[in-house]
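Student: my questions concern the predicted model and sequence given below.
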Amino acid sequence: MNTRYHARVTQRAAIYCRISEDPRATELGVARQRKDCEALVTARGWTLVGVFVDNDVAVLTATAPRPRYAAMMAAVERGELDRIVAYGLSRLWRNRRERADAIELLKQRQVSVTLVRGSDLDMTSAMGRMVAGMIGEADTAESELKSERVAAAALQRVERGKANGHVAYGWRRERTRNADGDVIDWHDEIDRAQANIVHEIVERLLAAEPIRAIVADLNRRGVVPPRAALRAATGKPGGTTAHVPARWLPSTVRKIALRPANAGRMVRGRVEFGDAAAPRIIEPEQHDRVVALLNDPARLRRPVRADPELTGRTIRPGARKHLLTFGIGECGVCGAHLKVATRYRGRNKTHPYPTYQCDGPRSCVTRAQAPVDDLVERVVVRRLQEPDARSLLTRNDTEARAARQRVAALDAKVDRLQDDYDADLIDRRRYERSMARFRAELAAAQREATRRVRGVAPELVAQLAGPHAQARWAALREPTQRRALLEAMGVVVTILPARGGAGFKPESVRVEFVQAEAPGPAQTVEEPA
């Protein structure tokens with residue numbers, strides 16, 4: 001032991017305690033460490049100036065947040081400490097980068113380390129720093145070996161179709177125990193109440209209901225969100241803190257809807273491992289549609305969204321709240337999309353009213369929004385009441401399936417090309433040329449797949465057809481749902497120039513049902529009487 005340490009009997013010491021896992025937040029582990037460290041400080045006659053505790057924090061990765069450790073090192077930087085006391089060196093560092101940075105700082109500030117289960121490490125000497133580095137490297141190797149074992153076991157479970165971590169929302173975990181009560185195996189079964197919520201979320205999204213409306217409804221009904229449900233089932237925190245209230249959030253609904261496990265697929269690290277052992281909640285085709293819907297670039301919330309068809313014009317994200325904007329309605333003069341603009345009537349122009357207006361550079365046509373929407377709704381409802389209405393509403397399913405098959409085929413080609421290059425069967429020039437072509441085709445196919453599944457799910461739209469179409473149209477809760485129905489039916493509304501003075505001219509609004517499968521004249525429906 002270096003006798004130089006005893007020359008300064010008033011050394012300022014700080015205690016650092018950490019434990020990697022404390023799932024029940026009991027803090028018993030750090031309490032034991034603190035007790036032993038305080039006893040050592042008292043025995044040495046040092047002055048205790050601070051206790052820094054990070055509970056339930058692993059430190060193998062450089063990004064693991066340790067707020068109390070950071071506060072202690074800040075005190076070292078300010079020259080407020082002479083010594084750090086810890087139970088073992090692994091409580092301080094297992095991360096190589098963090099260890100190297102800390103050793104350098106301790107050297108500069110002449111702060112040494114004392115271990116309850118170990119010895120004094122003089123960070124002002126080369127030998128002390130070398131010993132700290134050697135012990136720390138052994139700790140790092142131990143953690144990395146453990147991580148490799150854990151990762152191998154996790155991969156083995158995934159290959160068997162079993163999920164890692166806690167049970168996911170929608171299932172419950174059934175455990176098999178031996179005679180001593182130890183868990184020797186487990187499997188997940190459907191939790192009917194939670195699975196019904198997952199199914200409801202997917203169906204409402206496919207019915208073009210906005211996420212914000214679904215979130216508001218779930219919270220209004222008092223449906224327990226996933227984290228709170230996990231905490232209630234296991235007694236563990238489940239990731240919920242004071243900053244994360246027990247309520248549904250838009251991100252929660254989105255994550256729930258996008259899970260491959262919903263459709264019985266096992267995916268880890270974007271690699272698909274086949275069928276999951278747990279039973280599926282929704283059909284695979286439903287999952288494919290909701291993934292394409294939520295990943296549609298048009299859903300991204302941006303200040304403005306460029307539309308190449310408008311030759312540089314832009315469309316606001318909020319435009320989808322109107323029935324005919326964003327592509328359903330178009331100008332009968334120049335073919336541009338429609339936008340909503342406010343006009344005023346009255347002698348003093350004090351009565352505002354919304355209008356549909358050509359979004360082209362000349363603003364060719366303008367019509368009051370309310371009578372146009374009313375006309376379109378009556379035409380659509382009448383079309384839904386006709387005997388052959390279902391033929392309009394089911395064509396998207398076949399087209400979407402074909403588009404998804406095209407994406408899968410191109411994905412397979414890209415994989416085979418990569419395998420050929422890795423095996424030196426093709427040179428780099430040919431590889432890059434072919435990969436560029438395949439990626440362009442794949443991007444186009446993905447856009448087509450996304451376009452084909454836009455609109456209400458076919459099985460849900462088909463329920464709108466028939467003699468009760470009027471009531472079912474009125475029951476659609478959100479403007480986006482009505483828009484999605486028009487998209488599914490292939491509705492295109494054209495605003496034509498009107499003559500003959502003031503007042504709404506029904507003949508200036510043309511409603512067509514464009515057939516997507518084969519080119520030809522569109523089906524035009526006249527205004528109902």
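Tutor: Ah, there it is. Note that the coordinates shown come from a computational prediction; the quantities given were computed from them, not determined experimentally.
Student: tally of neighbours for residue 474?
Tutor: 10 (other Cβ atoms under 10 Å). Every residue, glycine included, has its C-beta placed from N, CA and C.
Student: secondary structure element for it?
Tutor: Of the helices and strands defined by DSSP states H and E, residue 474 is found in helix 469-475.
Student: the helix or strand that that helix is followed by packs against which elements?
Tutor: On the C-terminal side of helix 469-475, the closest following helix or strand by DSSP H and E is helix 479-489. Secondary-structure packing of helix 479-489 (3 or more Cβ pairs under 8 Å, 6 or more residues apart in numbering; DSSP states H and E): helix 369-384, helix 389-393, helix 458-462.
Student: how far out from the middle of the chain is helix 479-489?
Tutor: 25 Å (Cα atoms, centre = their mean, to the nearest Å).
Student: tell me the helix or strand right after it.
Tutor: Moving toward the C-terminus from helix 479-489, the first helix or strand encountered (DSSP H and E) is strand 491-495.
Student: now do that next one, average pLDDT.
Tutor: When the per-residue pLDDT values of strand 491-495 are averaged, the result is 91.
Student: which elements pack onto that strand?
Tutor: Taking 3+ Cβ pairs under 8 Å, 6+ apart as contact, the helices and strands that strand 491-495 lies on are strand 329-331, helix 369-384, strand 509-513.
Student: ranking those by burial, who's on top?
Tutor: Each of the helices and strands packed on strand 491-495 was given a mean neighbour count from mean count of other Cβ atoms under 10 Å, and the largest, a mean of 25, is that of strand 329-331.
Student: the helix or strand just after that one pairs with which strands?
Tutor: Sequence-wise, the next helix or strand beyond strand 329-331 is strand 338-345, with elements assigned using DSSP H and E. Next to strand 338-345 in the sheet, as set by DSSP bridges, lie strand 351-358 (antiparallel).
Student: pull out the buried residues from the strand it pairs with.
Tutor: For strand 351-358, a neighbour-count test (16 or more other Cβ atoms under 10 Å) marks 355, 356, 357, 358 as buried.
Student: ok, residue 385 - how many residues close by?
Tutor: Under the neighbour criterion other Cβ under 10 Å, residue 385 is assigned a count of 15.
Student: what is the burial count for the residue nearest to it when sequence neighbours are not counted?
Tutor: Beyond its immediate neighbours in the sequence, the residue positioned closest to residue 385 (Cβ to Cβ, 6 or more residues apart in numbering) is residue 469, lying 4.9 Å away. The number of residues packed near residue 469 is 19, by other Cβ under 10 Å.
Student: cool, residue 180 as well?
Tutor: For residue 180, the count of nearby residues is 6 (other Cβ under 10 Å).
Student: what secondary structure does it sit in?
Tutor: When states are read from DSSP: H, G, I helix; E, B strand; the rest coil, the local structure at residue 180 comes out as coil.
Student: any figure for the gap between it and residue 113?
Tutor: Using Cβ to Cβ, to the nearest Å, residue 180 is found at 41 Å from residue 113.
Student: swap in residue 163?
Tutor: Residue 163 sits 41 Å away from residue 113 when distances are taken as Cβ to Cβ.
Student: compare the two (neighbour count), which wins?
Tutor: Applying other Cβ under 10 Å to residue 163 and residue 113 shows that residue 113 carries more neighbours, namely 23 against 19.
Student: pLDDT score for residue 360?
Tutor: According to the model, residue 360 carries a pLDDT of 86.
Student: gap between it and residue 512?
Tutor: According to Cβ to Cβ, residue 360 and residue 512 sit 20 Å apart.
Student: and for residue 29?
Tutor: Taking Cβ to Cβ as the measure, residue 29 and residue 512 are separated by 71 Å.
Student: run a quick neighbour tally on residue 89.
Tutor: Other residues lying near residue 89 total 21 when counted by other Cβ under 10 Å.
Student: how about it, nearest residue that isn't a chain neighbour?
Tutor: Once its chain neighbours are removed from consideration, residue 89 has its nearest residue in residue 135; the separation is 5.0 Å (Cβ to Cβ, 6+ apart).
Student: check which helix or strand covers the one you found.
Tutor: Of the helices and strands defined by DSSP H and E, residue 135 is found in helix 126-159.
Student: which positions in that helix come out as buried?
Tutor: By neighbour count with 16+ other Cβ under 10 Å, helix 126-159 contains the buried residues 128, 129, 131, 132, 135, 136, 139, 140, 143, 157, 158.
Student: one more: stretch 35-48?
Tutor: Those buried within stretch 35-48 under the rule 16+ other Cβ under 10 Å are 36, 37, 40, 41, 44, 46.
Student: nearest to residue 10, of the residues you listed?
Tutor: Of all the buried residues of stretch 35-48, residue 46 has the smallest distance to residue 10: 7.8 Å, by Cβ to Cβ.
Student: what sits against the nearest residue to residue 410 once chain neighbours are set aside?
Tutor: In this structure, residue 410 finds its nearest non-sequential neighbour in residue 442, 4.4 Å apart by Cβ to Cβ, 6+ apart. Going by Cβ atoms under 8 Å, 6 or more residues apart in numbering, residue 442 touches 407, 410, 411, 414.
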